[in-house]
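Chemist: Sequence and computational prediction follow.
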Amino acid sequence: MRWLIDPIISSMKSQTLLIALFFASLSLVASLPLRAQELINLGDFGGNGSQAFGINNLNQVVGEANTSDGDAAAFLYSNGNMTNLGTLGGLSSTAMGINDLGEIVGWAEINDGHRNAFLYSNGVMTNLSIFSGTNNFGYASGINNSGQVAWTYAGSGFRAVLYSNGTSRDLGSLGGGATSINLAEGINNLGQVVGTSNGSAFIYSNGTLTNLNVSGGEAIAINNVGQIVGSSTTGAFLYSNGTVTDLGALGGNSAFSINDLGQVVGRLITSSSDSQGFLYSADLGLVNLNALYASLLVSGTDSQAGFTELNNGYGINNSGSIVGNGTYWDGTSSFSKAFLLMPIPEPSTWALLLGGCSLLALARVRRSVKV
């Protein structure tokens, strides 16, 4: 029976090789520079202003958009449609984060004007600010795929909190007493939370709050590999495996989001005090989004509508899609608008990937014929 088994084993090895090379090629694609496919103005609710703060891996976007009354309303942008998520009874709201299940967190006013943290799921907005039975200030900034939420509430000071399975847990403090400022900013799928406590960046993991020892640090986001980004007294930073890297964006600048490939987006301040978005990756270094995607911008001096500048990069997903806010020219006036920047690998990269897979498939067919 060996004569029958050997070709099968050979076939299985070839298929395994093909699959391995295919995924290796995908990894290569992810590490190569991207070009923009589309720069989308997400719009607003009639108030000529919006910002996008979060994006999931399905390219669903959340943020805030002005209404015709001048209030800010939390929104979900999905498949070309912007939905107003409402409030907790007050006038305004803001959405800060969204997971891959479409669950959303942020803050919303209640009927007396206090801002409370919320979790929005299946069309229902739930108030998370439940401490002491009072309407304390609160905001939620991050949610993972298990529905755990990183949020902050105000008592005698500000407290960093992890919401999980219907229960909120105070994460503690790095010092400063009951009136200290502790902010929970980001969370990953392992339930690790990052933020700032008493002026120091922290990570909360497995019940322990740890100081990252970043000078004047504020940890804002953490990916599923455990890499952390934020701001410090010297500028935007990346924390990875115990090492802090200055990203090259000087004081006053910040990194706001990092995906699982280590790509970072944020804000840098130019010498003329202008805010501009940036993208950082290990292979590219730090690049101004306005330089990288200059071909998608308009001049702002004629009737052609479009973005003249990308001012902040607030979120990036694993496919490299970026959200934030920029200066939008409608042909006569400029407004701050939320954007979605959807990049794809260069065509030559896809041609190389598909060509390589085709050659492997052809070789496999020829070997099969010989058997």
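Modeler: Structure received.
Chemist: how much space between the closest residue to V225 other than its chain neighbours and G230?
Modeler: Leaving aside its chain neighbours, V225 sits nearest to D260 (5.9 Å; criterion: Cβ to Cβ, 6 or more residues apart in numbering). C-beta: built from backbone N, CA, C; applies to glycine. When distance is defined by Cβ to Cβ, to the nearest Å, D260 is 17 Å away from G230.
Chemist: Which residue of these two possesses the greater neighbour count?
Modeler: Here D260 and G230 are compared on neighbour count by other Cβ atoms under 10 Å; more neighbours surround G230, at 27 against 15.
Chemist: Contacts for the helix or strand containing that one, please.
Modeler: If you go by DSSP states H and E, G230 is part of strand 228-232. With contact meaning Cβ atoms under 8 Å, 6 or more residues apart in numbering, strand 228-232 is reached by 185-186, 194, 196, 201, 203, 212, 214-222, 236-240, 244, 247, 253-258, 264, 266.
Chemist: Adjacent strands (with direction) for that strand?
Modeler: With DSSP bridges as the test, strand 228-232 is paired with strand 218-222 (antiparallel), strand 235-240 (antiparallel).
Chemist: nearest to Y314, of the ones you listed?
Modeler: strand 218-222 (9.8 Å; Cβ to Cβ).
Chemist: Quick one: mean pLDDT for the closest one?
Modeler: Confidence over strand 218-222 (mean pLDDT, whole number) is 97.
Chemist: possible to save the strands paired with strand 228-232 as CSV with mean neighbour count and distance to T167?
Modeler: Output for the strands paired with strand 228-232, formatted as CSV (neighbours: other Cβ atoms under 10 Å; distance: least, Cβ to Cβ, whole Å):
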stretch, mean neighbour count, distance to T167
strand 218-222, 26, 21
strand 235-240, 22, 28
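Chemist: Redo these as TSV? Include distance to S156.
Modeler: Shown next, in TSV, are the strands paired with strand 228-232 (distance: least, Cβ to Cβ, whole Å):
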stretch	distance to S156
strand 218-222	21
strand 235-240	30
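Chemist: Looking at those strands, which is nearest to A338?
Modeler: Using Cβ to Cβ, the nearest of these to A338 is strand 218-222, at 18.3 Å.
Chemist: where does the residue nearest the centre of the chain land on pLDDT?
Modeler: Against the mean C-alpha coordinate of the chain, by Cα atoms, centre = their mean, the closest residue is G315 at 3.0 Å. As predicted, G315 sits at a pLDDT of 98.
Chemist: What of L360?
Modeler: If you check L360, the pLDDT there is 42.
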